[in-house]
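Novice: Quick one, fold the following:
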Amino acid sequence: MSARSIEEGRARGKTVLVLHGPNLNLLGSREPDVYGSLTLAEIDDRLRALADELGVAVEIVQSNAEGELVDRIQRAAGSASAIVINPAAYTHTSIAIRDAVIAVGLPVVEVHLSNIYAREEFRHRSLIGDVAVGQIAGFGVDSYLLGLRAAVHVIADARRHSLKTRRPQKARRPA
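Specialist: Numbers count the residues shown, from 1 in each chain. Take a look at the predicted model:
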């Protein structure tokens with residue numbers, strides 16, 4: 001069995017929440033030279049196929065409303081093992097999303113279709129990046145797929161570490 005298969009097995013049965021931020025519902029028609037020609041539905045289909053291959057479930061949500069994204073992050077604490085998020089424009093402005101990510105304590109992978117550091121200066125700053133376990137940008141749909149793989153890796157790694165710490169305690173004799 002390969003190391004990759006073992007890793008995927010440790011994450012099996014877990015759920016990864018995938019969040020798409022504002023305007024991503026317009027993918028396919030919105031600035032295809034920047035964001036590509038795939039629609040959000042096509043990206044979601046690819047995420048579901050990869051999740052099946054990796055043995056995890058994905059819950060996928062898109063919202064243009066900051067408060068809805070915050071609510072969904074908060075609810076993830078009881079239902080997901082990790083979050084993959086493309087905060088879109090909220091990447092650069094939302095302290096509320098940042099605070100929600102910190103509050104839930106789940107591993108978060110930030111993804112972007114375009115390379116935010118090769119675009120306008122105001123897009124170079126991410127309020128999420130330093131509270132995420134990692135950031136993947138500039139690879140189009142592969143940013144999402146790599147992000148899902150990274151989330152599964154983090155889940156498996158966390159499980160491996162928790163299994164190491166669950167060694168049976170030696171019985172203590174009463175004093």
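Novice: from here on, contacts and neighbour counts on C-alpha atoms
Specialist: OK.
Novice: partners of the spatially most central residue of the chain in the sheet?
Specialist: With distances taken as C-alpha atoms, centre = their mean, the residue of the chain nearest its centroid is Val84 (1.2 Å). Under DSSP bridges, the beta-bridge partners of Val84 are Val18, Val109.
Novice: contacting residues around it?
Specialist: Val16, Leu17, Val18, Leu19, Val108, Val109, Glu110, Val111, Tyr144, Gly147, Leu148, Ala151 (C-alpha atoms under 8 Å, 6 or more residues apart in numbering).
Novice: Could you tell me the phi and psi values at the nearest residue to the last one once chain neighbours are set aside?
Specialist: Translated: Ala151. Counting by C-alpha to C-alpha, 6 or more residues apart in numbering, Ala151 lies nearest to Ala82, which is 6.1 Å off, once chain neighbours are set aside. Phi and psi for Ala82, reported as degrees, to the nearest 10, are phi -160, psi 160.
Novice: Output the below-cut-off pLDDT ranges for the protein.
Specialist: For the chain, the stretches with pLDDT under 70 are 1-12, 29-32, 34-36, 118-120, 122-123, 159-175.
Novice: so where do the helices sit in it?
Specialist: 3-11, 32-35, 40-54, 66-76, 95-104, 141-165 (DSSP state H).
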